[in-house]
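Chemist: Only the shape, not the letters, is given here:
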């Protein structure tokens, strides 16, 4: 017995020793552990030259050529720079480019590069890097999600990424070391802003190969060669990423005033708020309730921004009843939007007056002008009598009554989705007298599976654009589009979208887009509900953060006060 | 003994193999695949991705390849993070392990102490107090304990004193490790103390304790030399399964305290259909738990000769 006990005790001791010494400790920025609560309500971290902000999760894909998510892009836009980049107002301004010319037909873009720029491995940034980047992007083996999106723009790209033609044939060339020419399939007024997107970033070929090529590039801090305003100096997976100012960045005197940016990856919103309140972080995202709480406490630096997403019902138009446009319009009208905003969304997000949100630029380059030109296309007047009459009229046309209409709302698992759908269910019951409304909560992948198989009546979904143009929203609903799960097909609509791609005159192009928008909101295969705004708070010391639909987080213009 | 050990090891390996096979086939039965997202991707791009990760082959063929690779120590590359699964496990598991072990050791020491006190002072306020703690520990989940600790000791204490005594997140200083370890240990501590109490009560009423009392030994000596040493055996029995529960249950505590452990990968890999990461983390946890149980089983053999003899009879 003594022996056995000795053995147990020895094992326990051994385990405790391992437990105390067996792991690598996570390091913290020197300033973030000594903040005190004095001087201002939320003074933030103590480091006078650096900030700590919550990125919320590990960036899954830090290779610019294959990245798809906003988390990774929040880091990438600080460490790389494309031909163009976005300024604080989302305008595309020259980055690596010194100047550019656009041909009259809008199909050829010629860029002169700044000379003397360097990569983090010391190599000069030249036209070859842009050619190598774009060719690698459209190489079939790269298999990036965005290949098909951008292939419509660049000549020869479609055939290249499908493996039908050599990638050397795509529409990019480098006549000399500091000149790059892009050839486009169709005029695209938004092309300059597309050049600020990671898919079009230059890639240093030597760096790419040194970092292990497609399988290794961008997987660790030391496995990427960058040319941006910051260098990535530390990446502890699932914990934090540290960026340090690149002093040789061409505009280092004007931008990137903050020396170090530490991105932490706290996915629990309550934890993030607790950390913010105790000065561990300088910026966190907030839920509607958290924003109200901080407001009540007197927090000064609370902000909100349109994140570019529009939330809507996707109706399955192949279902009896829902095949009638009046029925679909009535369902959209049957929701009390002010009540939805106050009780469910709980911030100042806007009711959708059309599908394309007001954060998108119109042909005149003014943010919101397209949405304003579209006008009030969706009836959110809360006139439920009219909605009910319209519903009954539409159903009568299909030989149905309100009792015949069965609706199953397909949604994700989770509390927010459940809350949203319970609200819609109750609204349709109260306002329209619909009693056969059920909620079908499915785990994310199962939901997408059901959507693809038309196994739903209504899905509550959201969409954010890829580029700053109404087309990025409207081309979703063409016949057979990969994201069009409604089963809706309209030849007139398809024609508008096809014509948009050919039209070189910006004004005529906008007219086509407006016609498409109006038709979509008339037919309503989708019922736009609202444009989402997001809330965030910064500490007293942080100013000038840019957050918008096109740059979710940008600290290039931020300062410490 | 050698035969008993070999037999146990054999069973353990078989368990791991069955686990690997079940996990592999069941995850492929789930709807969706790693490359389905909210944004639709081109067919040719998807075909290229499926081919790259070998997902275009029949599932049984993928399984054979997977098993062959396991024996080479290769768990594949995560489809979501594009990094080898072995690297992800090697980086994140030490955090989970340290957190789990701290919680387990704390729970075992405190649980045993509380249990003894409750049993020896049976019927007194000590007993009621310890069992109240145990009752709360069993009923309140670790994420509630974690959130409360974080709010009161992390936020409120900071606001009152102006000093950061307990950091909200992180896993670097000793102070940063206290709250998460305690939050994770609380439930186990509670169940261990209840077990220890009843086991101590059994031993207290046994003949040899009465004999010891009759011999005039002091109460301290009786408890330490005779009672605890015998009463602690059931605790050893449950430590294996408890280690399992603590390690796999650490996910929520890791999330609340922002600890870069393995829990997040283990849980999130399923919703993103990251097949290699699902299989890799499940297999790793499985192997770890089987190993923990094996150690406990072997300890029985050392402690209790009857188990060895039973093995020989077969």
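Modeler: All right, it came through fine. Predicted model, so just to flag it, every value in this text is computed and none were measured. Numbers count the residues shown, from 1 in each chain, chains lettered A, B, ... in the order given.

Chemist: After the lengthiest helix in chain B, which helix or strand is next?
Modeler: Longest helix of chain B, by residue count under DSSP state H: helix B:85-120. Going down the chain from helix B:85-120, the next helix or strand is helix B:125-139, by DSSP states H and E.

Chemist: Who are the packing partners of that following helix?
Modeler: Applying 3 or more CB pairs under 8 Å, 6 or more residues apart in numbering or on different chains; DSSP states H and E, we find helix B:125-139 packed against helix B:85-120, helix B:174-204. For every residue, glycine as well, the C-beta is placed using N, CA and C.

Chemist: Switch those helices over to JSON lines; also include mean pLDDT.
Modeler: Shown next, in JSON lines, are these (pLDDT from 0 to 100):
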{"stretch": "helix B:85-120", "mean pLDDT": "93"}
{"stretch": "helix B:174-204", "mean pLDDT": "92"}
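
Chemist: Output the set of residues of the stretch 301-450 of chain A in proximity to chain B.
Modeler: With CB under 8 Å from any CB of the partner chain as the criterion, the stretch 301-450 of chain A meets chain B at residues A:443, A:444, A:445, A:446, A:448, A:449.

Chemist: Out of the residues you listed, which is nearest to residue B:66?
Modeler: Closest approach between these and residue B:66, by CB to CB: residue A:445, at 20.7 Å.

Chemist: Quick check, pLDDT for that closest one.
Modeler: Turning to residue A:445, the model gives it a pLDDT of 83.

Chemist: Buried residues, stretch A:257-267. List them.
Modeler: A:257, A:258, A:259, A:260, A:261, A:262, A:263, A:264, A:265, A:266, A:267 (16 or more other CB atoms under 10 Å in any protein chain shown).

Chemist: whoops, stretch A:114-134 was the one
Modeler: Buried residues in stretch A:114-134 (16+ other CB under 10 Å): A:117, A:119-120, A:123-134.

Chemist: Just give me the closest of these to residue A:162.
Modeler: Nearest member of the buried residues of stretch A:114-134 to residue A:162, counting by CB to CB, is residue A:134, at 16.0 Å.

Chemist: which stretch among the helices and strands packed on helix B:125-139 comes nearest chain A?
Modeler: helix B:85-120 (3.3 Å; CB to the nearest CB).

Chemist: Please spell out which residues along that closest one are buried.
Modeler: B:85, B:87-89, B:91-108, B:110-112, B:114-120.

Chemist: contacts with chain A among these, please.
Modeler: Applying CB under 8 Å from any CB to the buried residues of helix B:85-120, those adjacent to chain A are B:88, B:91, B:92, B:94, B:95, B:97, B:98, B:101, B:102, B:104, B:105, B:108.

Chemist: Now tabulate the residues you listed in CSV and tack on distance to residue A:466.
Modeler: Shown next, in CSV, are these (distance: CB to CB, whole Å):
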residue, distance to residue A:466
B:88, 29
B:91, 32
B:92, 32
B:94, 39
B:95, 36
B:97, 42
B:98, 42
B:101, 46
B:102, 46
B:104, 48
B:105, 51
B:108, 54
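
Chemist: Looking at the stretch 151-300 of chain B, what residue ends up closest to chain A?
Modeler: residue B:260 (3.7 Å).

Chemist: Poorly predicted segments of chain B, please.
Modeler: B:1, B:303-314 (pLDDT under 70).

Chemist: re the thing from before, return the member of the ones next to chain A among the buried residues of helix B:85-120 nearest to residue A:505.
Modeler: After measuring those against residue A:505 - CB to CB - the closest member comes out as residue B:88, at 52.1 Å.

Chemist: middle-most residue in the chain, spatially?
Modeler: All of this refers to chain A. Nearest to the geometric centre of chain A sits residue A:70, at 4.8 Å (CA atoms, centre = their mean).

Chemist: Chain B is the one I meant
Modeler: Residue closest to the average C-alpha location in chain B (CA atoms, centre = their mean): residue B:247, at 2.5 Å.

Chemist: Mind checking if the helix or strand containing that one is in reach of chain A?
Modeler: Using DSSP H and E, residue B:247 maps to helix B:233-248. Yes. Helix B:233-248 reaches chain A (CB under 8 Å from any CB) through residue B:236.

Chemist: quick one, that helix and helix B:85-120 angle?
Modeler: 140 degrees (axes from the mean of the first three to the mean of the last three CA atoms, to 10 degrees).

Chemist: Just list what the helix or strand following helix B:233-248 packs against, helices and strands only.
Modeler: Going down the chain from helix B:233-248, the next helix or strand is helix B:250-256, by DSSP H and E. Packing partners of helix B:250-256 (3+ CB pairs under 8 Å, 6+ apart): helix A:269-277, helix B:85-120, helix B:142-149, helix B:174-204, helix B:263-271.

Chemist: Need those helices in CSV (columns: distance to residue A:434).
Modeler: Converted to CSV, these look like this (distance: least, CB to CB, whole Å):
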stretch, distance to residue A:434
helix A:269-277, 34
helix B:85-120, 48
helix B:142-149, 38
helix B:174-204, 45
helix B:263-271, 31
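
Chemist: and of those, who's closest to residue A:359?
Modeler: With CB to CB as the measure, helix A:269-277 is the member of the helices and strands packed on helix B:250-256 nearest residue A:359 (23.4 Å).

Chemist: And the contacts of the helix or strand immediately after the closest one in the chain?
Modeler: For helix A:269-277, the following helix or strand on the C-terminal side (DSSP H and E) is strand A:283-286. The contact list for strand A:283-286, computed with CB atoms under 8 Å, 6 or more residues apart in numbering or on different chains, reads A:51, A:53-54, A:56, A:266, A:269, A:272-273, A:275-276, A:294, A:302, A:534-539, A:542, A:545.

Chemist: List buried residues within those.
Modeler: Counted by 16+ other CB under 10 Å, the contacts of strand A:283-286 give A:51, A:53-54, A:56, A:266, A:269, A:272-273, A:275-276, A:294, A:534-539, A:542, A:545 as buried.

Chemist: can you tell me which of those residues are in strands?
Modeler: Counting by DSSP state E, the buried ones among the contacts of strand A:283-286 place A:51, A:53, A:54, A:534, A:535, A:536, A:537, A:538, A:542 in strands.

Chemist: roughly how far apart are the fourth one and residue A:284?
Modeler: To tie it back to what came earlier, the one meant is residue A:534. Look at residue A:534 and residue A:284: by CB to CB, to the nearest Å, they are 11 Å apart.

Chemist: Assign residue 64 to helix, strand or coil.
Modeler: Defaulting to chain A. coil (DSSP: H, G, I helix; E, B strand; the rest coil).

Chemist: quick one, what contacts residue B:239?
Modeler: Applying CB under 8 Å, 6+ apart, we find residue B:239 in contact with B:104, B:108, B:296.

Chemist: Look up phi and psi at the last one.
Modeler: Going back to what we said before, that points to residue B:296. With angles defined as degrees, to the nearest 10, residue B:296 sits at phi -60, psi -40.

Chemist: Not counting its neighbours along the chain, what's nearest it?
Modeler: Excluding its sequence neighbours, the residue lying closest to residue B:296 (CB to CB, 6 or more residues apart in numbering or on different chains) is residue B:240, at 3.7 Å.

Chemist: residue contacts, residue A:72?
Modeler: Each residue near residue A:72 by CB under 8 Å, 6+ apart is listed here: A:59, A:60, A:61, A:62.
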